[in-house]
Structure formats: structure tokens, C-alpha cells
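S.K.: I need the structure of the sequence given here:
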Amino acid sequence: MSKRRVVITGLGVVTSLGEVVDQVWDALCAGKSGIVPIRRWDCSTYPTRFGGECYDFDLTKYKDAYARHRRSDEDEIPRNGRLDRFAQFGIAASISAANDANIDFKTEDTTRCGVIIGTGIGGIETIEEQNKILVSRGVSRVSPFTVPRLMANAASGNVSILFRLNGPNTCVSTACATGSNAIGDAGRLIQYGLADVMIAGGAEAALSSLGMSTFVAARALSTRNEEPTLASRPWDKDRDGFVQAEGAGVVILEEYEHARARGARIYAELVGYGMSGDGYHITAPDSEGRGAAAAMKLALKDAGVSGEVVDYINAHGTSTELGDLAETKAVKTTFGEHAYKMALSSTKSQLGHSLGASGGMEAVFSSLSVSRNLIPPTINLENPSPDCDLDYTPLKARDRKITYAMSNSFGFGGHNASLLFKKI
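M.R.: Got it, this is the predicted structure:
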């Protein structure tokens, strides 16, 4: 059985630089940073007091955008109080992606349309909130909506309900590899004939008091409080940890002939997907990047191409000492001498690291790079570490013809995922 072709026809994001894809893309390519002091809660006693916060987000703004998809007066976006913030992000990005794809699910066979939206951590704000209520007011005051809000599959489930989709509906949770795994898994469902359309990506809202305190305790975060926009600096010798962020990235995947038949705009084709496990450590990457290299090689094998065709990698690039070096080694292992001929960049330098949402966001940006022949920069890369000697597109965006682009995501637990996109 030959695999069916899978294309990307819709894009949606919620980020610290905005929620409109073209505006976020323009800001990225202009080298703007979305890293700001945290305003939603009091972190004045924390050693890190900034992040990629989506401060102005409000799900009710999407009411009109969703209206075209309603089947009846009963179809409404759930009230904010019944959804954890991460699920709200996932819904918003999904509505944006569906509208960008100009797809009308009311005319589709909904048994052939599904959802895979993952999260690395899930509804941690709900856990914090309801635990405080339990301790201060007793068990009778805990909300009955607690589990439907905090469960990792809340974004996928609610998106499926909103669009009344009856096809595959599941959830991936592989830490910071989540978004890429969700998109890769959704693509395979289409390739092997189990679906025609999939909404896929990741959502995360762990930029909360408990969520952030855990990374503070692990000493994983940058503490550059006086210069937050300069804090995320992948591959730079002065990096001092990653910058935590929140948001969502979602794409609409379609079978190629299905997309053509309805006259859809196509951003890129998803041609390769690879995943692997480090089998090494629960938080630290394999120091030689062997698992990361395996995922990239499998993505190339899945696409049936050699590494020499890849023009650009949207790297995991988190701004951690171990992670940046391990990924650099993995790229060299995978691509050999070609590693020095292609470009890499990290959009986390501007948006921070949104954990389970990052792979979804970066799939959006990789698709745009392929479509528009433009590479967003790695900002703040002023003094590369000696062992980080590849072309990371420092400081300024670059025009370059891109036929193939790869997107990498690596997560706690040793999860590695790589996606390969092709111009069409």
C-alpha cells in the first residue's frame, strides 16, 4: 500500500508576540522579542520573573471567528471558567487554523476528520487553583469541572466537540516533543487512509506559580531579569538557561487530493516524520545527541531523501548549555559536511520555550519558511559557544530558497521528534 500525501493548509498560533499568524511571522522576521516581565501573577519572590506570557489573551475574542462553524444555537465556545488556560489556547489556535484553511466542516464527512492536540503538562493552573480551594474551604467546594479542565486531552476533546468531528480524537504528551509528535502522528493517520483531515499541534499554559517554580527549583531558567528580551540566547556562550513561555501552535493537515479538490491553499507538504528515545536520562539529553540524530535520520528515511536536500532546520534550540550542544552534535552526525551548508535558527530566541506547544508553533513557522523562502533569525546570538559552530542565522532574517525544512523537538523523558516539510 502506497502512502497518501499529506499537506498543510491551515495555520493557527497563540504566542507572546500575538495570535495572528502573519503578524507573528513578521515580528519574528523583524527580530522582535515577546519576552516580558510576568504580569498575570505575583512572582516578585522568584529568581526568574519574566517569560513568554500571552498576557492579552481572551478566548471570548474568538466568538465571531467560530460562528461560521456552528451547527446550532447550542454550539458555543465554552465559558472560560470551564476550561484550563492551555485548552483555551488550543481552541483559539484551532479556530484560527480552520479559518485560515477555509475549511467548512459542515460539508465534510466528519468521520474522516479528527484532532490530535497534545500538551506536555496539561491543566496545572486548575490543579493549583482547586488545591487552594480544597485546603482553605474544604472538599465540598472543589469544582466538579476540575478533571475535565485539567486532563491532558481537554484541548483535543473540546476542539472535536466544537467542530463536531467524529474521526480520530486523541492526545499526545511527550513533554517538549509533544507538538511535533501530535503532528507526525496525525499525518500518519492520513497517510494510511484513516482520516482525510486532521487538526494537530500542541498547547501549554504552565507559566504559572507552580509550573514555573518547578523549573526554578531545577535551576533551568535564565535569571536575566533586568534584560528579559536578551535572556533567550540559543548557542550563545553567555546563555544561562531557557525562558519559559506559553501558547499554542496548530496546523490543518489534509490528504493532498482532498485539499486540491476543494481548492485549498497549500503551505507545504509533510513528507517525513521520525521519533526516537534517548534511553539515557529523565531530563538531560544524551550528550552526543544520538537520540536526536536517530529521529532526524528516520524523518529523512520516511521521506525517502538524503540529508543533502535539507536547506533549513527550525531547531529545538532552547538556550540550555547541554541541549544546544547535543543538538549541534546531532545535526553534524546526521548531515555530515552538509551540516555546514544549511541554515538553522531558533524561534525560541524570541518566543521562549512553550514546552508541549513549541513543536506546534515551530511546525507553523517551518511551513511558512518553505512557503515564503525566508528564515527567521536567532536573536541574541552574539558570541557563539566554541563547539556551536554551525550557521544559526544570527540576528537577522535571511532570504533563501527552501525546498526542504526540518523541525526538531526534544523533551524530558528522552523523547525526540523530527518533522520534514517540502515545498509544493
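S.K.: so who does the closest residue in space to P47 that isn't next to it in sequence touch?
M.R.: In space, and not counting its chain neighbours, P47 is closest to T223: 5.2 Å by CB to CB, 6 or more residues apart in numbering. Every residue, glycine included, has its C-beta placed from N, CA and C. For T223, the contacting residues are P47, T48, D240, G241, taking CB atoms under 8 Å, 6 or more residues apart in numbering as the criterion.
S.K.: from these, which two are the most distant?
M.R.: In those, two members sit farther apart than any others by CB to CB. They are P47 and D240, at 11.1 Å.
S.K.: of the two, who's got more company?
M.R.: For P47 against D240, the residue with the higher neighbour count under other CB atoms under 10 Å is D240, and the figures read 15 against 11.
S.K.: pLDDT wise, what is the residue nearest to the more buried one when sequence neighbours are not counted at?
M.R.: If you skip the residues right next to it in sequence, D240 has S222 as its closest partner in space, 5.0 Å away by CB to CB, 6+ apart. According to the model's per-residue confidence, S222 sits at a pLDDT of 98.
S.K.: contacts only, for S222.
M.R.: Contact partners of S222, counting by CB under 8 Å, 6+ apart, are T48, A231, S232, R239, D240, G241, F242, V243, S319.
S.K.: most surrounded residue in these?
M.R.: The most crowded member of the contacts of S222, judged by other CB under 10 Å, is S232 (35 neighbours).
S.K.: where does the residue lying closest to that residue once chain neighbours are set aside fall, phi/psi-wise?
M.R.: Here the nearest residue to S232 in space, its sequence neighbours aside, is V243; by CB to CB, 6+ apart that works out to 4.2 Å. Main-chain torsions, V243, degrees, to the nearest 10: phi -110, psi 120.
S.K.: let's have the chain start at 33 instead
M.R.: Okay, using 33 as the starting number, the last item reads as V275.
S.K.: how much space is there between V275 and L387?
M.R.: Distance, V275 to L387, using CB to CB, to the nearest Å: 11 Å.
S.K.: what does A124 give?
M.R.: Relative to L387, A124 is positioned 17 Å away (CB to CB).
S.K.: returning to that earlier point: can you check the pLDDT for the residue nearest to S264?
M.R.: Among the per-residue scores, V275 shows a pLDDT of 98.
S.K.: was I right about it contacting L253?
M.R.: Yes. V275 lies in contact with L253 (CB atoms under 8 Å); the separation is 7.0 Å.
S.K.: OK, contacts around the residue nearest to S264?
M.R.: Under the criterion of CB under 8 Å, 6+ apart, the neighbours of V275 are 67, 82-84, 253-254, 260, 263-264, 351, 380, 384-385.
S.K.: looking at the residues you listed, spot the one nearest I156.
M.R.: Ranked by distance to I156 (CB to CB), these are led by G83 at 14.1 Å.
S.K.: where does that closest one fall, phi/psi-wise?
M.R.: The phi/psi pair for G83 (degrees, to the nearest 10) is phi 180, psi -180.
S.K.: quick one: contacts for it?
M.R.: G83 makes contact with S48, I67, V68, I70, L239, M244, V275, Q276, A277, E278, G384 under the criterion CB under 8 Å, 6+ apart.
S.K.: let's see that with 6 Å instead.
M.R.: I70, L239, Q276, A277, G384 (CB atoms under 6 Å, 6 or more residues apart in numbering).
S.K.: same thing with I411?
M.R.: Taking CB under 6 Å, 6+ apart as the contact definition, I411 lies against G63, S381, Q382.
S.K.: I'd like the distance from it to Y344, if you could.
M.R.: Distance check for I411 against Y344: by CB to CB, it reads 17 Å.
S.K.: how near is the nearest residue to S378 once chain neighbours are set aside to L413?
M.R.: Nearest in space to S378, with sequence neighbours left out and distances taken as CB to CB, 6+ apart, is G349 at 2.7 Å. Between G349 and L413 the computed distance is 10 Å (CB to CB).
S.K.: more neighbours: which of the two?
M.R.: Under the criterion of other CB under 10 Å, the comparison of G349 against L413 puts G349 first, with 30 against 24.
S.K.: show me what M230 is bridged to.
M.R.: The residues listed as beta-bridge partners of M230 by DSSP bridges are G146, L285.
S.K.: strands along this structure, start to end?
M.R.: Per DSSP state E, the chain carries strands over the ranges 38-46, 68-69, 82-83, 145-150, 201-202, 229-236, 279-287, 300-309, 344-346, 375-377, 406-407, 430-431, 436-443, 447-454.
S.K.: looking at these, which is buried most?
M.R.: strand 229-236 (a mean of 35; mean count of other CB atoms under 10 Å).
S.K.: tell me what it is packed against?
M.R.: Counting contacts by 3 or more CB pairs under 6 Å, 6 or more residues apart in numbering; DSSP states H and E, strand 229-236 packs against helix 117-133, strand 145-150, helix 210-223, strand 279-287, helix 390-404.
S.K.: which neighbouring elements make contact with the second one?
M.R.: Packing contacts for strand 145-150, counted by 3+ CB pairs under 6 Å, 6+ apart, involve helix 186-195, strand 201-202, helix 210-223, strand 229-236.
S.K.: can you add mean pLDDT and distance to S401 and give these back as CSV?
M.R.: What follows is those, written out as CSV (pLDDT from 0 to 100; distance: least, CB to CB, whole Å):
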stretch, mean pLDDT, distance to S401
helix 186-195, 97, 26
strand 201-202, 98, 28
helix 210-223, 98, 15
strand 229-236, 98, 17
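S.K.: these: which one's closest to V174?
M.R.: helix 186-195 (17.1 Å).
S.K.: quick one, domains of this protein?
M.R.: Described in terms of automatic domain parsing, the domain architecture of the chain consists of the residue ranges 39-300, 306-454.
S.K.: highest average neighbour count across those?
M.R.: With neighbours defined by mean count of other CB under 10 Å, none of those is more surrounded on average than domain 306-454, at a mean of 23.
S.K.: what does the average pLDDT come to for it?
M.R.: If you average the pLDDT over domain 306-454, you get 98.
S.K.: can you give me the end-to-end distance of it?
M.R.: Taking CA to CA, to the nearest Å, domain 306-454 runs 15 Å from one end to the other.
S.K.: check stretch 135-148 too.
M.R.: Across its full length, stretch 135-148 reaches 17 Å end to end, with CA to CA as the criterion.
S.K.: list the contacts of it.
M.R.: Contact with stretch 135-148 is made by 188, 191-192, 195, 197-202, 214, 217-218, 227-232, as judged by CB under 6 Å, 6+ apart.
S.K.: repeat for stretch 105-119
M.R.: Applying CB under 6 Å, 6+ apart, the external contacts of stretch 105-119 come out as 91, 98, 151, 155, 157-158, 177, 181-182, 186-187, 190, 235-237.
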